[in-house]
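Trainee: With the sequence up front, the predicted model follows.
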2 protein chains.
Amino acid sequence: MQTRFKLDSRLANDCFTLHYRCDHHILLMNDSRWPWLIVVPNHVGMRDWIDLPDNAQRETQQVVHHVGQWLKTYTQCYKLNIASLGNVVEQLHIHIIARNIGDANWPTPVWGYGEAVPYKENIVGAMSANLQEFLGEL
Amino acid sequence: MQTRFKLDSRLANDCFTLHYRCDHHILLMNDSRWPWLIVVPNHVGMRDWIDLPDNAQRETQQVVHHVGQWLKTYTQCYKLNIASLGNVVEQLHIHIIARNIGDANWPTPVWGYGEAVPYKENIVGAMSANLQEFLGEL
């Protein structure tokens, strides 16, 4: 049985790490079609959001709230899609996706649509710095 | 500007109402392919989960948590999918869907897949009673 947290290999391969805050990994999916963040609580063996202990659940909700506020401010998007699915990658992770009218696959959800379009430039440094500044001021 | 809450007509048409608790409407999607609940906070003019005031957000998280616990217990499902999308129906609503390996469209998300298969029997009474009993004991 796994006792030490290890980020799922698929999440690690598909995403950049933007930040680590309050026991949560904050990732950026390497898919430039939509600004798409993933929050992963640093808990071993969790699958469903409701599996988390009460305190941790509130903490995750708080992190999702703040990261969502940042994403909406940073991207000036029309809508956030927030979801905990985990049918493929079982490790508990929460998607926070910036959506805009007319974006690829609007208004249908993003999962399973076409192929990811990797970022051409390394935007991780700038996004990470902006996110950390935003969260630091809360 | 709307000042009084009114359930979105599409949600009202597609769902049965199971319960009303702590300022949240708890609906059942009339689609027997998956046990699919929808939680709607009784707040006017909300679109994104993070738009809710802090207290209301915590309350919604709590309701989603309890309703999710009930759904998982009642259906003995493998996995919960929890999501706030709202790209089509803008009124803030949170999906809580019971998923099982091999169900229609597993492991892909349920939205936009095929046509809803309405329940043949009226199961609302039994589900509603069971849900209310579960929530009453918390």
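Mentor: Perfect, I can see it now. Numbering: from 1, shown residues only, chains lettered A, B, ... in the order given.

Trainee: check contacts around the nearest residue to A:Gln69 once chain neighbours are set aside.
Mentor: Nearest residue to A:Gln69, sequence neighbours excluded (Cβ to Cβ, 6 or more residues apart in numbering or on different chains): B:Ile50, at 5.8 Å. Every C-beta, even on glycine, is put in place using the N, C-alpha and C of the backbone. B:Ile50 is in contact with A:64-65, A:68-69, A:72, A:80, A:82, B:57, counting by Cβ atoms under 8 Å, 6 or more residues apart in numbering or on different chains.

Trainee: Pipe the residues you listed into TSV and attach distance to B:Cys15 and pLDDT per row.
Mentor: As requested, the contacts of B:Ile50 are exported to TSV (distance: Cβ to Cβ, whole Å; pLDDT from 0 to 100):
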residue	distance to B:Cys15	pLDDT
A:Val64	25	97
A:His65	26	96
A:Gly68	26	98
A:Gln69	29	97
A:Lys72	28	98
A:Leu80	23	98
A:Ile82	20	98
B:Gln57	23	92
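
Trainee: Now, those residues that are in strands?
Mentor: Under the assignment DSSP state E, the contacts of B:Ile50 contribute A:80, A:82 to strands.

Trainee: which two in the contacts of B:Ile50 are spaced the farthest apart?
Mentor: A:Lys72 and B:Gln57 (14.4 Å; Cβ to Cβ).

Trainee: Which of the three states applies to the closest residue to A:Thr108 other than its chain neighbours?
Mentor: Beyond its immediate neighbours in the sequence, the residue positioned closest to A:Thr108 (Cβ to Cβ, 6+ apart) is B:Gly112, lying 5.2 Å away. Here B:Gly112 is recorded as coil under DSSP: H, G, I helix; E, B strand; the rest coil.
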